[in-house]
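>>> I would like to see how this sequence folds:
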Amino acid sequence: MSDVRRQWELRAQNSPTCLSGVLFQGLSEQSNSILHEWHAWIVRTQFLPRLPHSARLLDLGCGYGRLSKVIATERPDIQLIGQDLALNYCRMFTSACGPCALADASAPPFLPASFDAVMAITCLMYVPDEAQTRTLAALHSILRINGVLLSIDPGYELQHLIARLRGNKSRSLTGGQGFKREQYVDLFRPGFQVASCGGNRHLSRALIVPGVAASKRRWIGAILARAGEQDRLASGYDRFALHRWVLAKKNGL
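Next up is the predicted model:
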């Protein structure tokens, strides 16, 4: 077992259904909850309306199924399939949402043109540079023509700034890297048409205030919630965003 897989198994074991297990370990559960709600908003309003009835959807890097559970509630017609690096998460996803494959993100074990949609939330960030092109090609292959891919990952610029301010003390044992603003959209250019994109600049600015990210105080939670609401009203795809998202469609013939 690789060191990265071992670390993910430990996170699944120690924080089985905690948001800090699949999002940011350095953030309070309150802060991660606001971030999760923003992710869920993107899924509900930007992603699901593009999926046909009875769509087959792959949740890549599914964890325990935090966003697939949202989809199951909103769209029970959708067939959910998970894929994760950690066996413990695969078992949790199977119990809560549906079948799950134990596999690396760069090698999804599925037939070509077998999915209507792929959701890769904070997943590509863990794919090494040399495997990114191969991973996107694999996702392109398993999608049907006009299939939809939703991806959310950290922005490099803010991630790098935070690491410098903290002296790299916030680095996770599971690794992970952000993408530069222009680089992230360009990842999807070969074979995909970028339909829309966005980011959470307001929430990001609130979270980098010292003491806010780790705080459990309710009044801080209310401030973060308002920042999350602001991010739903504007694109936010700018240089200093903690997370950015891209919605892309597989090109037709």
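>>> where are the low-confidence patches of the stretch 151-253 of the chain?
165-175, 253 (pLDDT under 70).
>>> let me see the ranges of the helices in it.
Taking DSSP state H, counting those that start in this stretch to define them, one finds helices in the stretch 151-253 of the chain at 156-166, 181-186, 201-207, 218-231.
>>> turn these into a markdown table, columns for distance to residue 2.
Heads up, the C-betas are built off the backbone N, CA and C, glycines and all. What follows is the helices of the stretch 151-253 of the chain, written out as a markdown table (distance: least, C-beta to C-beta, whole Å):
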| stretch | distance to residue 2 |
| --- | --- |
| helix 156-166 | 23 |
| helix 181-186 | 26 |
| helix 201-207 | 31 |
| helix 218-231 | 35 |
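>>> closest to residue 140 out of those?
Closest approach to residue 140 among those is made by helix 181-186 (14.7 Å; C-beta to C-beta).
>>> list the buried residues for the closest one?
Under the neighbour-count criterion of 16 or more other C-beta atoms under 10 Å, helix 181-186 has 181, 184-185 buried.
>>> so which of the residues you listed comes closest to residue 19?
residue 184 (22.9 Å).
>>> ok, the closest one to residue 46 distance?
Using C-beta to C-beta, to the nearest Å, residue 184 is found at 16 Å from residue 46.
>>> kindly report the same for residue 251.
19 Å.
>>> now, among the buried residues of helix 181-186, which is nearest to residue 68?
residue 184 (23.2 Å).
>>> what strand or helix carries the residue lying closest to residue 64 once chain neighbours are set aside?
Spatial nearest neighbour of residue 64, excluding adjacent residues (C-beta to C-beta, 6 or more residues apart in numbering): residue 92 at 4.1 Å. Assigned by DSSP states H and E, residue 92 belongs to helix 87-96.
>>> returning to what we had before: residue 251 and residue 46: who's more crowded?
Taking neighbours as other C-beta atoms under 10 Å, residue 251 and residue 46 compare with residue 46 leading, 17 against 12.
>>> just to check, the more buried one is in contact with residue 196?
Yes: between residue 46 and residue 196 there is a contact under C-beta atoms under 8 Å: 6.4 Å.
>>> residues shared between the contacts of the two?
Counting by C-beta atoms under 8 Å, 6 or more residues apart in numbering, the residues touching both residue 46 and residue 196 are residue 247.
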